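Student: Sequence first, predicted model second:
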Amino acid sequence: MFNYSAPALSLKGKVILVTGAGDGIGRSAALAYAQLGATVILLGRNLDKLNAVYDQIEALNAPQAAIFPLNLETASEQSYIELTDIIDQEFGVLDGLLHNAALLGMRTPIENYDPITWEQVMKVNASAPFHLTQSLLPLLHRSKNASIIFTSSSVGKIGKAYWGAYSVSKFAIQGMMEILADELENTSNIRSNCINPGATRTAMRAAAYPGEQPENNPTPEEIMPAYLYLMSDDSLDINGQTINAQQK
Ligand code: NDP
């Protein structure tokens, strides 16, 4: 596992937005950031799941979270403007942005890939992070040290049969992260990096690998050190990199 141990309350005072915060890795990241003192904005498409995470954060006695329900597949330009305006009014700044939400789509040859599913996956996994980042950059610029984390995958580095739009979207995310890191280096206090979580025990993993024993993979909680490191001020010099959350 990536080796980092976060000092207590090391994210105190930071405002961090997590997409796909209702389940899986995003849920764990939201809880872990809150536990270290951050105010977390929970973004996702399922209000019940977001409310449950909100309650868990409250039970931790962590700073009160905020909820922004948004379906990234159908989000309009107006939704991104509203989100940005609300964060501006409530907090005036954004210190961290974790692009975590994603759809798996189909596992099938390109020849058979359903075009509608292709568009859905590209929208949620690649276009939404672009719109969200572009809209929120003015608030990230106001932070003393802002961190943008994208979520990559091993199939976003080497194309593999049947991974279709998911794989293409992860190649796109890797490129977006590198372009942004290059653009923001030396001109801002914003850094941009990727985390490749590696095989992790979530609903998406179970859907992608139905024959696998879930308990053979680490839980989302276990892969948190990389997420905490890149969000903390201990990673100020890290820009344009991809960290493997399960690196030995
Ligand atoms: P999950 O499917 O468990 O969680 C994904 C989250 O994204 C869910 O909360 C889901 O909402 C949300 N989401 C999906 N579509 C939308 C949408 N249209 N609008 C808003 N939110 C949406 O996946 P993981 O936790 O496993 O994956 C997290 C990230 O890690 C993804 O980027 C994934 O590609 C990446 N990854 C995961 C690996 C693994 O082994 N688990 C390996 C490599 C990369 P809802 O709860 O409503 O479904």
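Tutor: Happy to help now that I have it. Values in this document were obtained by computation on a predicted structure and should not be read as measured data.
Student: What separation do you get for residue 229 and residue 204?
Tutor: Here residue 229 is placed at a distance of 23 Å from residue 204 (Cβ to Cβ, to the nearest Å). No exception for glycine: its C-beta is placed from N, CA and C like everyone else's.
Student: The two: who's more crowded?
Tutor: Counting neighbours by other Cβ atoms under 10 Å for residue 229 and for residue 204 shows that residue 229 has the greater number, 21 against 17.
Student: That one - that's part of a helix, no?
Tutor: Yes - with DSSP: H, G, I helix; E, B strand; the rest coil as the criterion, residue 229 is part of a helix.
Student: give me the low-pLDDT residue ranges for the chain?
Tutor: Scanning the chain for pLDDT under 70 picks out nothing.
Student: which residues sit against the longest helix seen in it?
Tutor: Longest helix in the chain, counting residues (DSSP state H): helix 164-184. Contacts with helix 164-184, where a contact means Cβ atoms under 8 Å, 6 or more residues apart in numbering, come from 99, 102-110, 113, 117-118, 121-122, 125-126, 129-130, 133, 148, 150-153, 155-157, 159-160, 190-194, 239-240, 242.
Student: Give me the buried subset of the residues you listed.
Tutor: Neighbour counting with 16 or more other Cβ atoms under 10 Å marks 99, 102-106, 113, 117-118, 121-122, 125-126, 129, 133, 148, 150-153, 155-156, 190-194, 239-240 as buried within these.
Student: So which of the residues you listed sit within helices?
Tutor: The helices, defined by DSSP H, take in 117-118, 121-122, 129, 133 from those.
Student: and which of the residues you listed is nearest to residue 47?
Tutor: Among those, residue 129 lies closest to residue 47 (Cβ to Cβ), at 21.5 Å.
Student: Distance check, residue 106 against the ligand.
Tutor: Distance of residue 106 to the ligand, given as Cβ to the nearest ligand atom, to the nearest Å: 14 Å.
Student: contacting residues around that residue?
Tutor: For residue 106, the contact set (Cβ under 8 Å, 6+ apart) comprises 113-114, 117, 164-165.
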